[in-house]
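In: coords below, sequence missing:
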């Protein structure tokens, strides 16, 4: 097993899957059904933050009751059928198989809600690969942010921080990993956040093959 690594924690959107087309279509349907004009262009830059945060940014709505109605409207579109349009990045299925075959324990830590996360993993036939799946709403009350969620995952799964890594595509992912004393791999094969530069806290992987090579698969 490469470099003593025992556990690999993956972000989901923008790292393992290209969820942008399905999410953006459901944002569009949500805004159209509520007669709201978006304040920003609907593009992949919106993907990643928690749903309520993105809807607030798109609409300018901050009032909790109105925002909750928008969230429910989005769920009606996405959780029923929208999630089925999710596309895995090329080679990710084989990546997961190889990691499990090589003895790594795999986990998910995502800002996506738990219900669509489970639906997507089952739809793609990937649930079997993951020892644990954590979303912001996995806990009650919900985790305040990804850093707290990631820390809870590490503690609950008894992961030695010296031998665990986090793989993500956003600056938020990097910051959460560093705060939790994890090595961070930037999945540049995904959305490639331009703000995620190669620095002392980042191991940049332009391709899945580079990632597999680093962990000695």
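Out: Ah, there it is. Worth saying up front: this structure is predicted, and the values here are computed from it rather than measured.
In: quick check, pLDDT for the residue of the chain positioned farthest from its centre.
Out: Taking C-alpha atoms, centre = their mean, the residue of the chain most remote from its mean C-alpha position is residue 35, at 29.2 Å. At residue 35, the pLDDT value in this model is 95.
In: any regions of this structure where pLDDT drops low?
Out: Residue ranges of the chain with pLDDT under 70: 1-3, 198, 200.
In: quick one: the strands in it, in order.
Out: Using DSSP state E, the strands of the chain run over residues 7-10, 17-18, 87-88, 105-110, 130-135, 164-168, 183-187, 203-205.
In: out of these, nearest to residue 69?
Out: Comparison of these against residue 69 by C-beta to C-beta identifies strand 130-135 as nearest, at 21.5 Å. Just so you know, the C-beta spots here come from the backbone N, C-alpha and C atoms, and that holds for glycine as well.
In: ok, and what's touching the closest one?
Out: Contact with strand 130-135 is made by 7, 105-114, 117-118, 121, 127, 149-150, 152-153, 156-157, as judged by C-beta atoms under 8 Å, 6 or more residues apart in numbering.
In: what does stretch 98-106 give?
Out: 1-2, 5-10, 96, 129-131, 157, 159, 212, 215, 217.
In: what do you get for stretch 142-154?
Out: Against stretch 142-154 from outside (C-beta under 8 Å, 6+ apart): 9, 107, 109, 111, 132, 134-139, 159, 161, 164, 166, 172-173, 175-177, 179-180, 182.
In: which of those count as buried?
Out: 9, 107, 109, 111, 132, 134-138, 159, 164, 166, 172-173, 175-177, 180, 182 (16 or more other C-beta atoms under 10 Å).
In: hmm, back to that, so which of the strands of the chain is nearest residue 66?
Out: strand 130-135 (23.8 Å).
In: CSV for the strands of the chain, including distance to residue 60?
Out: Shown next, in CSV, are those (distance: least, C-beta to C-beta, whole Å):
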stretch, distance to residue 60
strand 7-10, 33
strand 17-18, 28
strand 87-88, 30
strand 105-110, 26
strand 130-135, 26
strand 164-168, 28
strand 183-187, 31
strand 203-205, 35
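In: so what's residue 16 up against?
Out: Counting by C-beta under 8 Å, 6+ apart, residue 16 touches 10, 88-89, 92, 96, 126, 190.
In: revised request: answer the last question for residue 58.
Out: Residue 58 touches 27, 31, 38-40, 42, 46, counting by C-beta under 8 Å, 6+ apart.
In: out of these, who has the most neighbours?
Out: Among the contacts of residue 58, the one with the most neighbours (other C-beta atoms under 10 Å) is residue 27, at 24 neighbours.
In: that one reaches residue 42, doesn't it?
Out: Yes: Residue 27 is within contact range of residue 42, at 5.7 Å (criterion: C-beta atoms under 8 Å).
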